[in-house]
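Trainee: Just to be clear, the model below is a prediction. Sequence and coordinates:
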Amino acid sequence: MRQSKMIAWLTGALLLAVLLATGPVGAQGFFGGFGDFGGFGGFFGAVEPEPVEEEKPTVAPDGIPIGYQLVAENRELELYLDTEKAQLLVRHKETKKIWRTNPDLDATEKGRKIKSTAADLWLKHMNSQLIVEYTDLKRRTVKTTNNVNEQAVVSYEPINKGVRMVFHMQALGFEIAVEYRLGEGYLEARIPDSLFIENGDYLVVNMDLVPFFGTATDEEEGYLVIPDGPGAVVDFKKEHPTYTRSFQEMAYGPNTRSHAGNLWDNVFYMVSSRRPVPGPYFGLRVGDQAFLGLVTEGEFDVQINAAPAGNVVDLYRACAQFQVRKKYQARLSRSRRVDSIESGRIKADRAVRWYLLTGSDANYIGMANVYRDYLKQKYNIVGRLGLDENDVAPLHLRIIGGVLKDGLVWNTLIKMTTFEQARIICERMLAMGITNFDVTMVGWTEDGVDGIVPRHWPPEKDLGGEKGLREFISWANSKGIKVYLEDNFSRANIDNGGFSTAIDVVRDASKQPIGNAANYQISPLAAYAKFVPKAIPNYKKVGANGIDIAGWHLTLPYDRNEVFWAERADSAKARLAVAQMIKEQLGSVIVQGGNLYFMAVTDKVIDAPVDPSTHVFVDYAIPFFQIVVHGLVPYYGYPGNLRNDPRREFLRMVEWGALPVFELSYQSSELIHDAWRYYWVFSSKFEDWLDTVKDEYEQVNVRMGRLQRLAIVDHGRLADDVFQTVYEDGTRVIVNYQDEEFTVDGITIPALDYVILEGGGSR
């Protein structure tokens, strides 16, 4: 008995020692699992827990962050507004995915680090709906601010399917209304020009609209899509350098190229890192959700800005920056210029849509197909494919006529192909079984390529003159061959006459003509009103089937000529009207380059964007343009006889669903190697290339011709240098760029080759 009491006492003492050692929290925790031991509590003394401040919840039970209230919804989407922050978010009803107008920097450790290290102005940028560049009435310098930095007073008004937010930046005298509205699968932000007021001593120069929509940190998985040439992808990377440059390019090209037509300008353009921007789009994918940003109003005066993490802040981001006023250099004297800004603003409504994508659509293929559907609906595009009764797609042949070679005393016309010799080339192609092709005659006018611009007549007599050209076209049409005449309605040379430098040429905001002492840029409105109507009857005289319009993809000018005053939007409309006029009068038109608004009218795209981006932060090129256009309008890349890497560039054509084009001549190109107007044609003699033309025709135009009717529904990388393109009927084209064979799904693709799996099955 004594021993039992001793053991019980020791056990109690040991227990007490443990409890005292672990402290009050330990005692409380120990007894917590046994319910209320009031007696023991009294014995050991009451344990008073330290007060703990409860964390306020940041997300409501329905998954929406605290502070956001529902302001609009439709069948697919809900729009929420936080009036305290003047920020919004959109939620997809089915998947519950959320897209924010501004990053939630408090949600992750990375976000908090960005918040703690960002400069004050940039932190305010990230929390703003508008970034504004502005100037004072002297219009010499530009400053940058935003609605948060200006402590803008924000008022809210309900509108159909959305909300209008009016930002009153009182110190600057700006009142800018932004209308947020839900549509079918998208959120749109729109600035009506009528609700954009400037009342003070300052003027808006540029505006970034919702500049941080849907941004992602470098710790997330996904990629950024930018409209650099055919399209480009920037993969998210946790490890990356600091980037000093970002992507900043005008949609549809810059206002002008200085010294248009000058040899060194042409050289600079070819080696420059700048690629054409065929449309005002951008995109971003994070995990299994994505968006396509698309400028739907004000698209001709917008710059697409995109940046990787490592450029100022560690956020992948892209947005539309609208030009409100033009910057230019004002001339103070013959040799002195200063930066200045126009006083009048561009009168236009401005709008961006963010199409929201989830699941299998949340990728660049889904983005491109949204853009495709948008263009089809906007321009009522019906496929213009040119397939024959056997579903053979048309090859395109550009025949070089005359090229002027400059001399010390006089210039010499090099006759690369007469009109009779053009017939010989076509006869040889027909005899080889190449039956579905069209022809563009290049350098057919007096003095050859660009010889007499802006005059467009007569045909060069040494090539056969008007009679020879008419006979060639008549013969070609009898064989089912369409003949286009290449012409340039944007260039003029002072030596050729036929235009007024006071009336017909583009002038910048300082009223100075664009160009140099000899070469000028013709006003698009003057081309529409004067030059093209005068030229069309002559085209008809020789029976031309259409005009192949050169040069429009390089620039889109505004014009401060008092007779043909125009904004960039006016120039675009005039060019569309020119193309439509030619199509109605002659039956067909080709617009070179990839500017997507021309899909409304062009029958082909020659010189479609194919060159990859040269930006250091870009990971790889994608056929974004090609996915948008395929099945609507046939497109052709770089001439097959002028490729730098013939095999790989042929494979790229196959992978991207393009058709072959060749630029050939009867005579050897050695004759024009030192003629600056066409110096880049290093091999063009048709006899050297006919076997290649036939081979590509049979592989692409014949075998793959039927695919021209179909949309591209998938594209991706199967392995390093192995890519797959999938068409809507299930047909797969797998291209292997490796120097050794590659096997996938039991299918072996030889080195530097491709396979076609019809309907998704075997070869």
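Mentor: Here it is on my side, so go on. Numbering: from 1, shown residues only.
Trainee: what's the neighbour count on Ser474?
Mentor: 12 (other CB atoms under 10 Å). Every residue, glycine included, has its C-beta placed from N, CA and C.
Trainee: Angles on the backbone of it, please.
Mentor: Here is the backbone geometry of Ser474 (degrees, to the nearest 10): phi -60, psi -40.
Trainee: Give me the distance between it and Ile481.
Mentor: Note on Ser474: its distance to Ile481, by CB to CB, to the nearest Å, is 11 Å.
Trainee: Find the nearest non-adjacent residue to the residue sitting nearest the centre point of the chain, please.
Mentor: Residue closest to the mean C-alpha point of the chain, counted by CA atoms, centre = their mean, is Pro227 at 2.5 Å. Nearest non-adjacent residue to Pro227, counting by CB to CB, 6 or more residues apart in numbering: Val277, 4.8 Å away.
Trainee: Contacts only, for the one you found.
Mentor: 227-228, 249-253, 304 (CB atoms under 8 Å, 6 or more residues apart in numbering).
Trainee: Over to Ile627?
Mentor: Taking CB under 8 Å, 6+ apart, we find Ile627 in contact with 364-365, 368-369, 372, 711-712, 715.
Trainee: and it, backbone torsions?
Mentor: The phi/psi pair for Ile627 (degrees, to the nearest 10) is phi -70, psi -40.
Trainee: Might one say that Met704 is in contact with Ile756?
Mentor: Yes. Between Met704 and Ile756 there is a contact at 6.9 Å, judged by CB atoms under 8 Å.
Trainee: Looking at the two, which has the bigger crowd around it?
Mentor: Neighbours per residue (other CB under 10 Å) separate Met704 from Ile756, with Met704 holding more: 19 against 16.
Trainee: got a list of what the more buried one touches?
Mentor: By CB under 8 Å, 6+ apart, the neighbours of Met704 are 393, 654, 733, 756.
Trainee: Could you rerun that using 10 Å?
Mentor: 391-393, 654, 657, 659, 727, 731, 733, 756 (CB atoms under 10 Å, 6 or more residues apart in numbering).
Trainee: so can I have CSV of the residues you listed showing pLDDT and distance to Asp645?
Mentor: Output for the contacts of Met704, formatted as CSV (pLDDT from 0 to 100; distance: CB to CB, whole Å):
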residue, pLDDT, distance to Asp645
Asp391, 95, 30
Val392, 97, 27
Ala393, 98, 24
Val654, 98, 14
Gly657, 98, 19
Leu659, 98, 19
Tyr727, 98, 26
Thr731, 98, 26
Val733, 98, 19
Ile756, 98, 22
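Trainee: quick one: low-confidence ranges for this structure?
Mentor: 1-57, 61, 257-274, 760-763 (pLDDT under 70).
Trainee: Please report how far the residue nearest to Pro227 lies from Tyr539.
Mentor: Val277 sits 31 Å away from Tyr539, going by CB to CB.
Trainee: what's the answer for Leu81, then?
Mentor: From Leu81 across to Tyr539, the span is 57 Å (CB to CB).
Trainee: just to revisit the earlier point, looking at the contacts of Met704, which one is closest to Val205?
Mentor: The nearest member of those to Val205, counting by CB to CB, is Gly657 at 40.9 Å.
Trainee: tell me the contacts of the residue lying closest to that closest one once chain neighbours are set aside?
Mentor: Of all residues not flanking Gly657 in the chain, His630 sits nearest, at 4.9 Å (CB to CB, 6+ apart). Shown in contact with His630 (CB under 10 Å, 6+ apart): 368, 372, 623, 656-658, 707-712, 725, 727-728.
Trainee: one more time with 7 Å, if that's ok
Mentor: When contacts are counted by CB atoms under 7 Å, 6 or more residues apart in numbering, His630 is found next to 657, 711-712.
Trainee: With neighbour count, distance to Gly200 and secondary structure added, can I get those residues in a markdown table?
Mentor: Below are these laid out as a markdown table (neighbours: other CB atoms under 10 Å; distance: CB to CB, whole Å; DSSP: H, G, I helix; E, B strand; the rest coil):
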| residue | neighbour count | distance to Gly200 | secondary structure |
| --- | --- | --- | --- |
| Gly657 | 25 | 53 | coil |
| Ala711 | 19 | 51 | coil |
| Ile712 | 24 | 51 | strand |
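Trainee: okay if I get those as a markdown table plus distance to Arg428?
Mentor: Shown next, in a markdown table, are the contacts of His630 (distance: CB to CB, whole Å):
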| residue | distance to Arg428 |
| --- | --- |
| Gly657 | 28 |
| Ala711 | 36 |
| Ile712 | 34 |
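Trainee: The residue nearest to Pro227: what secondary structure?
Mentor: Three-state assignment for Val277 (DSSP: H, G, I helix; E, B strand; the rest coil): coil.
Trainee: List phi and psi for it.
Mentor: The phi/psi pair for Val277 (degrees, to the nearest 10) is phi -110, psi 100.
Trainee: now do the one 4 residues further on
Mentor: With angles defined as degrees, to the nearest 10, Tyr281 sits at phi -130, psi 160.
Trainee: Isn't it up against Pro227?
Mentor: Yes. Here Tyr281 reaches Pro227: they are 5.4 Å apart, a contact under CB atoms under 7 Å.
Trainee: And for Glu73, the neighbour number?
Mentor: By other CB under 10 Å, the residues close to Glu73 number 15.
Trainee: Contact partners for it?
Mentor: Counting by CB under 7 Å, 6+ apart, Glu73 touches Leu79.
Trainee: now do Lys534
Mentor: So Lys534 contacts nothing (CB under 7 Å, 6+ apart).
Trainee: Now it, what are its backbone angles?
Mentor: With angles defined as degrees, to the nearest 10, Lys534 sits at phi -70, psi -30.
Trainee: And it, how close does it get to Val453?
Mentor: Lys534 is 13 Å from Val453, where distance means CB to CB.
Trainee: Among the contacts of Val277, which are located in strands?
Mentor: Secondary structure defined by DSSP state E assigns 249-250, 304 of the contacts of Val277 to strands.
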